[in-house]
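Trainee: Generate a structure from the sequence data that follows.
(chains A and B)
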Amino acid sequence: MATAKRETKKRMSKAALREERWGRLFVASPFVGFLCFMAFPIVFAFIASMSTWNGINSITDNFVGLQNYIDLLTDAKFWKVIGNTLIYMIGIPIGMILALILAVGMNRKMKGVKILRTIYYIPVVSSLVAVAIVWMWVFNYDYGLLNTAIKAITGQHGPNWLGDEFWVKIAIIIFMVWKGLGTSIILYLSGLQSIPRDYYEAARIDGANGLSLFRHITIPLVSPVTFYLLIMGLIGGFQVFVEIMVMVPKGGTNYSAATIVFYLYDKAFSNRQMGYGSAMAFLLCILIFIVTLINFTMQDKWVKTID
Amino acid sequence: MKLKKVIALATVTALTAAMFTGCGGSGKSASTDGKANLSVFIFANDHESEIYNKMFEEYKNTHADTINKIDVQITTQDEYSTTLTGMMTAGDLPDIFYVGPESVKEFVDEGYIEDLQPILDKAGITTDGLSAQEALNSYRYDGTETGSGDLYALPKDASVFSYAYNKDLFDEAGLAYPDPENPYTYDEFVEVCKQLTKDTDGDGEIDQWGCGTADTFMMYQYIWSNGASFLSDDHKTVTIDTPEFIDAVQKYVDLTLVHQVTPTVEQDTSLGVYQRWLAGQEAFYACGTWDVAAFEDEETFPFNWDLCGYPTMSSGVSTTWLGTVGFCVSAKSENKDIAADLVSYVSTNEDGQKELSGITTGESIQLPNITSLAEGEFKESIASGDLAFPLNVDVFFNYLGGTDKYEGRFMESTYTPNAEWLDLFFEGFANVKNGSETVADYIAKVQPQMQDSLDTAWANASK
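Mentor: Numbering: from 1, shown residues only, chains lettered A, B, ... in the order given. Purely as a prediction, here's the structure:
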């Protein structure tokens, strides 16, 4: 095998060899970058996850094996933040349903549709921190837009959106759905526009009504988009952090708003338990991997393509 | 062809260089031509930054024969700790940086900060004239415990979290001002607060309160004054289940639930208690030494105000917490002697202290570190009106030095490896303050969690 390789090299012209060298040199740059900024931190974090490293002590002197992982599995707060994170994921299907309905609405020739599409996309291109601050005011107990509207309509004072253990979750879900809607609409629109018109015409000739067309043609044929949104939504959902950090900086009453990454940050940076935080990062990674794997395994059952 | 090669090589080099920009040490301590390059890393607000930059520049100019450059890096208080940890991890510590009393033991044990005592002794620098000896002692470490032994840092300042009142609201209510010599008892305080809590615009809703309470900063005063504490003396046991502690917390909660002299939990989430104080909606609120400049600023706080003591509980002593941060020298510094001298200059230099305390600028951001200055020019400037400062300035000094009516102390978390155990106490406290959970039930629930967290912190620290 090695001899064959040498033979091939011999047969390569000088120019080809030179080109190959240059090619390797160019590839080396991102490869070295990957090694330094991805591979090394991952390996380092894995080693750190097996120690009580706090950022300033020695990792080797504080090696504890799998203790951090064992502690995490019995850490009630860890399970609580997993629960909170999963609750926030209720927003994923809600967002997808809303986006599909709006995309169908916008997938027609009508005046001002482009303006509408732009408006829905503004939250996506806006700074997450900036819009989170705006929404803090929307959710404000006394002076917020939402509670002012609730009071005007019902005469009753609205809930303490960001201060109550239950309502804070609803508030975060509303914010996340609003923030993600633009992307989902754009993707659904492109999915809708790739469905051949013939399918609808043929179905209409067979007597299908609007609802049947939507159910039996639109939904199945945009399922690749739905699948993509689901995967990305779940991966993003497991990593929610910024909105919590901005809107509920202490994680809410009784940590009711905290997510896995928020807890990770809290442990690693606020309390300088870098080892514990690293272990949490690896468990999160495993969790995301399992969920993504399940999704890919199940996709054959419900994801249809035009082919 | 050659040109192409050069361009290609330059591109690869540029790409790689761009990727690694910012990596690696900066060799800040390296000396040039026998002169020292010093690096400093601190946190400061704009006003402080200006004064410190000026002080460092002056020091450099007067020591031009030994110092080539002083590189000052200033960040915000929020970002300081994370950045410093990063510097420690990277082995790229500046010569001089801040350390809090809570970190002295760890930083010394891990070999990050230098023992200043031999250097100060050799140079004949004394700390006897410093006003806040308790703050100074918090930077001493004997190899086992902090509080005694060699000095590892010199205090940048000693701060006090005092109490303040809005004089205008007292005048409107026709009430006598609080006596700084005799802080209110709890019952007296409640009575005064009741008279200051009112619906000023007649819409049926309270819009002015006796006081505002921020749990994480303003509950200690009730607990300590009632003879209770979060921890045992050895800082290993969580003692929140004592009758004194429960009684103090109950009285603190009663201010909101029973006497209704503070905004509710919900109202707190709408507008913080600090903002309400600035808006003139609260008669009493806290005032740290660092708050004075803001409260004296007409645009920020357009009311007359002064300092007073927190109400007293069963001990009869008004108590609050003190804060301090100190300048230390890196154990890896190549210029420890010069760095230590610079530290002593910024901590004890009279001109610098005059600027920081406002004697020369008229705007104070800290109390003077030097006793003679604090007792002399500082108080004279206040009395003459040259320095905008509350007249009851002795309240600060009473807490700092301690009297039979006043006491200042450090928070218990100063003496523990981290504050996670304490955060657990406040995490669900809103449920107590809004009445959905009783004080006793809450403490019974949270005490074991806090103890577990504290045990883990100590266990990890002793490894």
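
Trainee: Assign a three-state SS to the closest residue to B:S330 other than its chain neighbours, would you?
Mentor: Excluding the flanking residues, the one nearest B:S330 by C-beta to C-beta, 6 or more residues apart in numbering or on different chains is B:L93, at 4.4 Å. From N, CA and C alone the C-beta is placed, and that goes for glycine too. Judged by DSSP: H, G, I helix; E, B strand; the rest coil, the three-state class of B:L93 is coil.

Trainee: can you pull the contacts of B:L93?
Mentor: B:87, B:112, B:330, B:332-333 (C-beta atoms under 8 Å, 6 or more residues apart in numbering or on different chains).

Trainee: From A:A132, how far out is the residue lying closest to B:E188 once chain neighbours are set aside?
Mentor: Using C-beta to C-beta, 6+ apart and skipping residues adjacent in sequence, the residue nearest B:E188 is B:P311, 7.2 Å away. Using C-beta to C-beta, to the nearest Å, we find B:P311 at a distance of 38 Å from A:A132.

Trainee: ok, these two, which is more surrounded?
Mentor: B:P311 (25 against 20; other C-beta atoms under 10 Å in any protein chain shown).

Trainee: And the pLDDT at that one?
Mentor: pLDDT for B:P311: 98.

Trainee: What about residue 47, how many residues nearby?
Mentor: If you meant another chain, say so; for now it's chain A. Residues near A:I47, counting by other C-beta under 10 Å: 15.

Trainee: I was thinking of chain B, sorry if that wasn't clear
Mentor: 16.

Trainee: sec struct for it, please.
Mentor: Following three-state DSSP, the label given to B:H47 is helix.

Trainee: Contact partners for it?
Mentor: B:293, B:363, B:365 are the contacts of B:H47 under C-beta under 8 Å, 6+ apart.

Trainee: So which residues on the stretch 101-250 of chain A come close to chain B?
Mentor: Within the stretch 101-250 of chain A, the positions adjacent to chain B are A:140-144, A:160, A:162-163, A:165, A:250 by C-beta under 8 Å from any C-beta of the partner chain.

Trainee: make it 6 Å
Mentor: Applying C-beta under 6 Å from any C-beta of the partner chain, one finds that the stretch 101-250 of chain A approaches chain B through A:140-143, A:160, A:163.

Trainee: Generate a PyMOL selection restricted to the buried subset of those.
Mentor: Per 16 or more other C-beta atoms under 10 Å in any protein chain shown, the buried members of these correspond to this PyMOL selection:
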select buried, chain A and resi 140+141+142+160+163
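
Trainee: would you turn the residues of the stretch 101-250 of chain A next to chain B into TSV with pLDDT?
Mentor: Listed next are these as TSV, based on pLDDT from 0 to 100:
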residue	pLDDT
A:N140	95
A:Y141	94
A:D142	91
A:Y143	91
A:N160	94
A:G163	93
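
Trainee: Leaving out chain neighbours, which residue sits closest to B:D404?
Mentor: Using C-beta to C-beta, 6+ apart, the closest residue to B:D404 is B:V317 (7.4 Å).

Trainee: hang on, the earlier thing: OK, contacts around the residue nearest to B:E188?
Mentor: B:P311 makes contact with B:184, B:186, B:189 under the criterion C-beta atoms under 6 Å, 6 or more residues apart in numbering or on different chains.

Trainee: what's the closest of the residues you listed to A:R108?
Mentor: Checking the contacts of B:P311 against A:R108 with C-beta to C-beta, the nearest one is B:F189 at 67.8 Å.

Trainee: To what extent is that closest one buried, counted in neighbours?
Mentor: Close neighbours of B:F189, defined as other C-beta under 10 Å, add up to 25.

Trainee: before we move on, what about the one 4 residues further on?
Mentor: For B:C193, the number of neighbouring residues by other C-beta under 10 Å comes to 22.

Trainee: moving C-terminal of the helix or strand where it lies, what's the next helix or strand?
Mentor: Applying DSSP states H and E as the criterion places B:C193 in helix B:186-196. As assigned by DSSP H and E, the chain's next helix or strand after helix B:186-196 is strand B:209-211.

Trainee: Adjacent strands (with direction) for that next one?
Mentor: Sheet pairing of strand B:209-211 (DSSP bridges) gives strand B:282-288 (parallel).

Trainee: If I take the helix holding B:C193 and strand B:282-288, what angle do their directions form?
Mentor: Computed by axes from the mean of the first three to the mean of the last three C-alpha atoms, to 10 degrees, the angle separating helix B:186-196 from strand B:282-288 equals 120 degrees.

Trainee: How about residues contacting helix B:186-196?
Mentor: With contact meaning C-beta under 6 Å, 6+ apart, helix B:186-196 is reached by B:169, B:173, B:210-211, B:251, B:259, B:261, B:283, B:311, B:313.

Trainee: go with 8 Å
Mentor: Residues outside helix B:186-196 that contact it (C-beta under 8 Å, 6+ apart): B:169-170, B:173, B:175, B:178, B:184, B:208-211, B:222, B:251, B:255, B:259, B:261, B:283-284, B:311-313.

Trainee: Show me which of the residues you listed are buried.
Mentor: The neighbour-count criterion (16+ other C-beta under 10 Å) marks B:169-170, B:178, B:184, B:208-211, B:222, B:251, B:255, B:259, B:261, B:283-284, B:311-313 among the contacts of helix B:186-196 as buried.

Trainee: Let's verify the residue most central in space within chain B: helix, strand, or coil?
Mentor: Taking C-alpha atoms, centre = their mean, the centroid of chain B lies closest to B:G323, which sits 4.0 Å from it. Three-state assignment for B:G323 (three-state DSSP): strand.

Trainee: Which pLDDT does the model give the residue nearest to B:D404?
Mentor: pLDDT, B:V317: 98.

Trainee: quick one on the thing from earlier: out of the contacts of helix B:186-196, list just those in strands.
Mentor: B:209-211, B:283-284 (DSSP state E).

Trainee: can you give me how far the helix holding B:C193 is from the chain middle?
Mentor: 29 Å (C-alpha atoms, centre = their mean, to the nearest Å).

Trainee: roughly how far apart are the residue nearest to B:D404 and A:G155?
Mentor: Counting by C-beta to C-beta, the gap from B:V317 to A:G155 is 50 Å.

Trainee: Which one's more surrounded, these two?
Mentor: The neighbour comparison of B:V317 against A:G155 (other C-beta under 10 Å) goes to B:V317, with 19 against 7.

Trainee: so the more buried one makes contact with B:Y399?
Mentor: No. B:V317 is beyond contact range of B:Y399, at 10.4 Å (criterion: C-beta atoms under 8 Å).

Trainee: residues contacting B:F429?
Mentor: Contact analysis of B:F429 by C-beta under 8 Å, 6+ apart lists B:215, B:442.

Trainee: give me phi/psi at it?
Mentor: Main-chain dihedrals, B:F429, degrees, to the nearest 10: phi -70, psi -20.

Trainee: Okay, now the unreliable bits of chain B?
Mentor: Within chain B, the segments meeting pLDDT under 70 span B:1-6, B:8-9, B:11-32, B:462-463.

Trainee: Tell me where the longest helix sits in it.
Mentor: Scanning chain B for the longest helix, with DSSP state H as the assignment, gives helix B:439-461.

Trainee: how about that one: buried residues?
Mentor: Buried residues in helix B:439-461 (16+ other C-beta under 10 Å): B:439, B:442-443, B:446-447, B:449-451, B:453-454, B:456-457, B:460-461.

Trainee: So which of these reach chain A?
Mentor: Among the buried residues of helix B:439-461, the residues within reach of chain A (C-beta under 8 Å from any C-beta) are B:N460.
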